[in-house]
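A.B. asks: Can you look at this prediction? I've put the sequence above it.
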Amino acid sequence: MNKIDLLTGFIIGILASLLGSFIFITFFTDYTFLAGIEIMKFEGKLGKLITLGSVLDLVAFAVLLKLNKELMARGVILAVIILTLLSLLI
């Protein structure tokens with residue numbers, strides 16, 4: 001059961017980051033989501049987009065801690081670490 005909670009938290013973290021990136025591209029640029037990702041990748045700013053999208057992971061982390069779901073919160077932190085490493089490589 002512990003591994004499932006960790007995996008669930010990881011998925012929540014990835015989805016929250018994706019949602020944050022979607023919200024940023026939709027509201028603050030004139031592009032669609034897929035076009036915005038392609039343009040950000042072309043300009044070399046995809047790592048910054050991932051970082052801005054990860055702001056929603058803070059909200060997910062706080063909510064999970066409030067609900068006493070520590071293992072899921074660890075999964076969110078794991079997702080942030082993986083996304084950080086990914087953004088350093090891009």
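C.D. replies: Ah, there it is. All values reported here derive from a predicted model rather than from experimental measurement.

A.B. asks: what's the neighbour count on residue 80?
C.D. replies: For residue 80, the neighbour count with other C-beta atoms under 10 Å is 21. To be clear about C-beta, it is placed using only N, CA and C from the backbone, and glycine gets the same treatment.

A.B. asks: for residue 6, same thing?
C.D. replies: 17.

A.B. asks: so what's it scoring on pLDDT?
C.D. replies: On pLDDT, residue 6 comes in at 92.

A.B. asks: Buried residues, the helix or strand hosting it. List them.
C.D. replies: Following DSSP states H and E, one finds residue 6 within helix 2-28. Neighbour-count burial for helix 2-28, with 16 or more other C-beta atoms under 10 Å as criterion, is recorded at 5-6, 8-10, 12-14, 16-18, 20-21, 24-25.

A.B. asks: Stretch 41-56 now?
C.D. replies: Buried residues in stretch 41-56 (16+ other C-beta under 10 Å): 46, 47, 49, 50, 51, 52, 53, 54, 56.

A.B. asks: coming back round to it: after the helix holding residue 6, next one along is what?
C.D. replies: Trace forward from helix 2-28 with DSSP H and E and the next one is helix 33-43.
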